[in-house]
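1. Got a predicted model here, sequence first, then my questions.
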Amino acid sequence: MDNFIVDNTKSLKGLILRVKKAQEIYATFTQDQVDSIFKAAALAANKARIPLAKMAVEETGMGIVEDKVIKNHFASEYIYNKHKDALTCGIISEDKANGIKIVADPVGVIAGIVPTTNPTSTAIFKSLITLKTRNGIIFSPHPRSKKSTVEAAKIVLAAAVKAGAPKDIIGWIDIPSLELTNLLITDQNVATILATGGPAMVKAAYSSGKPALGVGAGNTPAIIDETADIQMAASYILMSKTFDNGMICASEQSIIIIKDVYKKVVDELVLRGAYILNKNEKIKVAKTIVINGKLNSQIVGQSAYKIAQLSGIRVPEDVKILAGEVSDISLNEAFAYEKLSPVIAIYKAENFEDAVEKAYKLVELAGAGHTSVLYTDARKQDRINIFAEKLHTGRVLINTPSSQGAIGDLYNFKLEPSLTLGCGSWGGNAVSENIGVRHLLNYKTVAQRRENMLWFRVPPKIYFKRGATDLALRELVGKKRAFIVTDRFLFDSGVIYSITKVLEDIKVGYQIFFDVKPEPTLSTIDEALLIINVYQPDVIIAFGGGSPIDAAKIMWLMYEYPDTNFQDIAMRFMDIRKRICDISELGEKAQMVAIPTTSGTGSEVTPFAVIREDSTHIKYPIADYSLTPNMAIIDPNFVDSMPKNLCAASGIDALTHAIEAYVSVLATNFTNSPALEAMKLIFRYLPRSYEYGINDPVAREKMHYASTLAGMAFANAFLGVCHSIAHKLGTAFSIPHGIANALIINQVIRYNATDRPKKQAIFPQYKFPNVKAKYGQIADELNLGGKNDDEKLELLINAITKLKKDINLPLSIKEYGIEEKSFYNNLDKLVEQAFDDQCTGANPVYPLMEDLRSILIKAYNGQVR
Ligand SMILES: [Fe+2]
């Protein structure tokens with residue numbers, strides 16, 4: 001690089017292209033290669049720490065050689081130590097189980113702006129983190145410190161090249177100017193800007209249109225409260241403020257002392273070498289600090305004695321800092337500025353709150369985003385929290401000298417070592433933390449397809465067989481009080497005796513609530529809760545069809561969580577596991593046993609319940625696995641005398657559960673089996689169960705099992721648009737739920753059976769639209785024949801139609817008796833409501849509203865094609 005002096009636009013453009021080319025080669029280096037280059041460069045910089053420090057002081061006339069040695073040492077040793085093991089090339093992390101890899105890529109060519117305050121240490125720091133990340137860098141030094149900055153860059157480059165780095169990986173502007181810096185930070189081949197410098201430079205950097213990482217100005221306030229260790233605080237502030245003659249941008253610019261300890265602190269500061277300026281001296285120094293509203297660059301990095309001389313005042317030669325006691329926090333007060341020299345302001349605060357307010361104002365005045373300090377009793381976490389929440393600074397240091405503390409790794413090993421301190425949006429920076437290698441990389445997240453875990457959740461105990469109730473309920477031995485939820489019909493018929501008798505045998509007390517009506521309402525729940533809350537049952541037994549079981553689930557929920565908000569938990573969800581509101585586990589107060597007396601809803605094994613609000617008639621469909629009963633008893637003895645119409649409606653409901661669960665987007669191997677088995681049983685036994693009732697106990701038994709099997713399938717695979725529409729159609733025209741399903745199912749099957757759906761549902765378990773084939777599988781399972789899926793589909797639809805005829809169900813909404821005018825008047829509302837039903841999301845084809853309208857119109861006319 002020595003051959004090229006960069007001192008004009010042309011030579012700078014040439015340099016940018018050379019560094020870019022070198023960086024492109026360097027970007028292919030391996031981690032091992034990069035790590036040896038990083039080490040060689042850090043070693044070389046460290047070796048040169050003293051000559052570079054001398055050079056910087058000599059060239060700039062600022063600061064203290066011995067302190068600059070420490071900075072150079074820190075910039076090489078601490079930065080190397082921090083990042084030596086960091087992975088920065090290629091795949092830097094991999095989580096095989098979850099299919100995520102992170103690949104690190106360099107950002108490219110960096111523009112490195114280097115200030116005059118830390119010319120060599122900043123150049124070392126930026127070179128090293130550039131090399132570690134396979135980037136290239138071009139330095140724009142401050143004109144006052146160009147020689148030492150360029151020398152530091154040369155030393156690092158030479159070592160890096162010797163260790164194998166491309167020869168142009170680091171470059172610099174030899175004769176800097178505003179024009180060249182502007183060209184550098186706006187050139188299309190420069191990827192990002194690492195800016196350290198005054199506010200004007202930082203502003204130029206982030207106005208360049210490129211990502212800029214860097215610092216804003218600091219104006220660090222240090223509060224000393226009445227609980228602080230005063231000797232320690234005073235000494236640390238002096239140590240920090242005098243380091244390199246106060247040129248660290250993080251160094252304290254003002255001390256805010258709570259009045260109770262004001263005199264003690266000031267005395268301690270004086271004892272340790274501070275000089276408190278009297279009124280006249282203060283005026284003179286103020287005039288020297290700020291000239292024409294700007295910090296006088298003549299005082300930057302000078303000793304207190306020299307600044308006193310410049311101000312025309314006499315102080316002892318060994319004075320460490322000049323302190324001005326002031327009260328104004330505004331640009332009218334010179335002491336309130338960032339002074340970059342051993343001059344400090346002292347403010348008196350009434351109390352802690354006042355001190356925090358003053359610190360806040362000083363930061364906002366001239367140091368937004370940078371650093372703030374609090375000296376306090378470290379046990380006072382509440383004060384630390386108040387301070388941290390109020391101050392807008394990226395670093396909030398506690399009992400720490402800020403020059404050394406803010407650059408990290410010295411007074412807190414977890415604060416990252418850095419010579420470029422982000423100041424966040426407050427300071428116009430992209431980041432608010434200490435800059436390190438991670439900020440100079442682009443991260444590619446390689447996300448392989450991984451789907452979320454699925455589940456199969458049913459009651460832990462499902463007992464079945466004729467007479468199972470007697471034995472199953474005996475497992476409740478040891479319980480104290482059972483609350484039985486049923487309906488009046490079952491209560492009056494005396495069949496409830498088969499439950500109460502067992503409870504008496506095993507000495508479990510009980511109360512019976514038999515006021516559940518079809519479509520249970522919240523007032524019914526409230527009525528029951530009045531008893532439940534007094535009786536404090538430890539088991540709730542639901543006995544009946546879907547309504548008593550649903551009601552009992554809601555009673556159980558309200559008994560355990562009285563503050564449940566139905567509107568919240570009834571909110572539609574996309575993924576039941578990710579919903580905004582859910583229900584915690586139930587079972588703290590009571591277990592739940594469900595004993596169905598109809599063969600259709602499957603509620604005994606599902607996590608679903610529907611409850612209606614009395615006045616508004618709004619239905620809240622609640623779905624949460626917490627509502628799954630602990631025990632389900634499938635005892636066919638209770639369904640032998642089920643009336644014919646109930647047998648037909650509940651039987652066809654169970655069939656649609658099985659069909660919709662089988663083709664649902666959430667259908668899995670675990671739900672397919674019970675769904676298919678349920679369908680087989682229903683086709684075989686529903687006509688017999690309907691026709692012969694109590695005289696065909698086998699058919700009744702098998703239908704009872706089929707209903708629960710279908711329930712297990714749809715408890716986990718959910719349903720589809722047949723149920724979406726049936727829910728709304730049933731409510732609008734008071735059609736029993738099962739019959740409403742029967743009126744829609746064929747049209748829904750026809751709609752779903754396509755290999756080219758208009759819209760596919762999101763996150764399906766199938767790889768491609770395969771619903772037609774799945775209907776074909778159902779036809780095969782039912783031995784319906786057919787050569788291909790199209791034929792099988794027709795045969796399946798015909799079989800369902802025949803089944804409906806066998807059990808005397810109407811074949812269209814019209815045939816059910818709904819007037820045409822009334823139907824069409826309700827159609828728009830029905831379509832929108834059905835679309836918004838929770839079941840819609842699991843349908844294998846994601847429907848448009850116009851599709852649902854067409855299904856409804858066809859179903860009205862009984863048109864299957
Ligand atoms: Fe249903």
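-> Good, I have the coordinates.
2. From here on, just use CA atoms for contacts and neighbour counts.
-> Will do.
3. The stretch 651-800 of the chain: helices as residue ranges?
-> Listed in chain order, the helices of the stretch 651-800 of the chain (DSSP state H, counting those that start in this stretch) span 669-692, 697-717, 721-733, 737-752, 771-781, 789-806.
4. Over to the stretch 501-650 of the chain?
-> Using DSSP H, counting those that start in this stretch, the helices of the stretch 501-650 of the chain run over 522-535, 546-560, 566-569, 644-663.
5. Low-confidence regions, the chain specifically.
-> Judged by pLDDT under 70, the chain has its weakly predicted residues at 1-3.
6. tell me the phi and psi of Val446?
-> Taking degrees, to the nearest 10, you get phi -90, psi 110 for the backbone angles of Val446.
7. Quick check: it vs Val103, distance?
-> Between Val446 and Val103 the computed distance is 7 Å (C-alpha to C-alpha, to the nearest Å).
8. Same question for Lys361.
-> Distance, Lys361 to Val103, using C-alpha to C-alpha: 43 Å.
9. Then Ser341?
-> From Ser341 across to Val103, the span is 44 Å (C-alpha to C-alpha).
10. out of those two, which sits in the busier spot?
-> Taking Ser341 and Val103 together and counting by other C-alpha atoms under 10 Å, Ser341 has the greater number of neighbours (32 against 19).
11. I'd guessed the more buried one sits against Gln298; true?
-> No: at 9.9 Å, Ser341 and Gln298 do not qualify as touching, with contact defined as C-alpha atoms under 8 Å.
12. Now do the contacts for Thr840.
-> Under the criterion of C-alpha atoms under 8 Å, 6 or more residues apart in numbering, the neighbours of Thr840 are 719-721, 724, 834, 846-847.
13. Nearest to Ile611 among these?
-> The shortest distance between Ile611 and any of the contacts of Thr840, using C-alpha to C-alpha, involves Ser724 and amounts to 16.3 Å.
14. Roughly how far does that closest one sit from Glu832?
-> Counting by C-alpha to C-alpha, the gap from Ser724 to Glu832 is 10 Å.
15. ok, those two, which is more surrounded?
-> For Ser724 against Glu832, the residue with the higher neighbour count under other C-alpha under 10 Å is Ser724, and the figures read 24 against 17.
16. distance of the most centrally placed residue in the chain from Gly841?
-> Closest to where the C-alpha atoms of the chain average out (C-alpha atoms, centre = their mean) is Lys578, at 11.9 Å. Using C-alpha to C-alpha, Lys578 is found at 14 Å from Gly841.
17. contacting residues around the residue in the chain sticking out farthest from the centre?
-> Here the chain has its C-alpha centre computed as a mean, and the residue farthest from that point, by C-alpha atoms, centre = their mean, is Arg314 with 60.7 Å. Under the criterion of C-alpha under 8 Å, 6+ apart, the neighbours of Arg314 are Ala308.
18. Met574 now?
-> Listed by C-alpha under 8 Å, 6+ apart, the contact partners of Met574 are Gly841.
19. and with 10 Å instead?
-> Remark: with contacts taken as C-alpha atoms under 10 Å, 6 or more residues apart in numbering, Met574 is in contact with 762-763, 838, 841-842.
20. Any chance of JSON lines for those, columns distance to Pro459?
-> Supplementary listing: those in JSON lines, determined by distance: C-alpha to C-alpha, whole Å:
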{"residue": "Ile762", "distance to Pro459": "28"}
{"residue": "Phe763", "distance to Pro459": "26"}
{"residue": "Gln838", "distance to Pro459": "22"}
{"residue": "Gly841", "distance to Pro459": "24"}
{"residue": "Ala842", "distance to Pro459": "22"}
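21. out of those, who has the most neighbours?
-> Note: the member of those with the most neighbours is Gly841, at 27 neighbours, neighbours being other C-alpha under 10 Å.
22. wouldn't that residue be in contact with Val665 here?
-> Yes: applying C-alpha atoms under 10 Å as the test, Gly841 and Val665 come out as touching, 8.3 Å apart.
23. quick one: common contacting residues for the two?
-> Common neighbours of Gly841 and Val665, counting by C-alpha under 10 Å, 6+ apart, are 718-720, 761-763.
24. Cross-check the contact I'm expecting between Ala334 and Ser254.
-> No: the pair Ala334 and Ser254 does not pass the contact test of C-alpha under 10 Å, sitting 11.5 Å apart.
25. Looking at the two, which is more packed in?
-> Comparing Ala334 with Ser254 by other C-alpha under 10 Å, the one with more neighbours is Ser254, at 29 against 26.
26. which SS class is that one?
-> Reducing the assignment at Ser254 to three states with DSSP: H, G, I helix; E, B strand; the rest coil gives strand.
27. which residues does the closest residue to it other than its chain neighbours contact?
-> In space, not counting the residues next to it along the chain, Ser254 is nearest to Ala345; the distance is 4.4 Å by C-alpha to C-alpha, 6 or more residues apart in numbering. Contacts here follow C-alpha under 10 Å, 6+ apart; on that basis Ala345 touches 221, 252-256, 276, 322-327, 333-337, 339.
28. Ok, Asn695 next?
-> With contact set as C-alpha under 10 Å, 6+ apart, Asn695 has these partners: 640-641, 688-689.
29. Drop anything exposed from those residues.
-> Neighbour counting by 16 or more other C-alpha atoms under 10 Å classes 640, 688-689 among the contacts of Asn695 as buried.
30. nearest to Gln188, of these?
-> When the buried ones among the contacts of Asn695 are compared for distance to Gln188, the smallest value, 80.3 Å, is given by Ser689; criterion: C-alpha to C-alpha.
31. can you tell me how far the closest one sits from Lys480?
-> For Ser689, the distance to Lys480 (C-alpha to C-alpha) stands at 38 Å.
32. again, but for Glu252
-> Relative to Lys480, and taking C-alpha to C-alpha, Glu252 is found at 71 Å.
33. out of those two, which sits in the more crowded spot?
-> With neighbours defined as other C-alpha under 10 Å, Glu252 and Lys480 compare such that Glu252 has more, 32 against 16.
34. if you skip the residues just before and after it, what's nearest to the more buried one?
-> Nearest residue to Glu252 in three dimensions, chain neighbours excluded: Thr220, at 4.8 Å (C-alpha to C-alpha, 6+ apart).
35. And for the one you found, the neighbour number?
-> Counted with other C-alpha under 10 Å, the neighbours of Thr220 add up to 32.
36. and if you look at Pro460?
-> One way to gauge burial is a neighbour count; for Pro460, by other C-alpha under 10 Å, it gives 12.
37. That one: what's it in contact with?
-> Applying C-alpha under 10 Å, 6+ apart, one finds that Pro460 lies in contact with 605, 628-632.
38. Let me know the closest of those residues to Phe513.
-> The shortest gap between Phe513 and any of these belongs to Pro629, at 18.1 Å (C-alpha to C-alpha).
39. OK, contacts around the residue lying closest to Val161 once chain neighbours are set aside?
-> If the residues on either side of it in the chain are set aside, Val161 comes closest to Lys167, at 5.5 Å by C-alpha to C-alpha, 6+ apart. When the contact criterion is C-alpha under 10 Å, 6+ apart, the partners of Lys167 are 1, 18-19, 22-23, 26, 157-158, 160-161.
40. Ile435 versus the residue nearest to Ala250 when sequence neighbours are not counted, what's the distance?
-> Sequence neighbours aside, Ser403 is the residue nearest to Ala250 in space, at 5.1 Å (criterion: C-alpha to C-alpha, 6+ apart). Counting by C-alpha to C-alpha, the gap from Ser403 to Ile435 is 16 Å.
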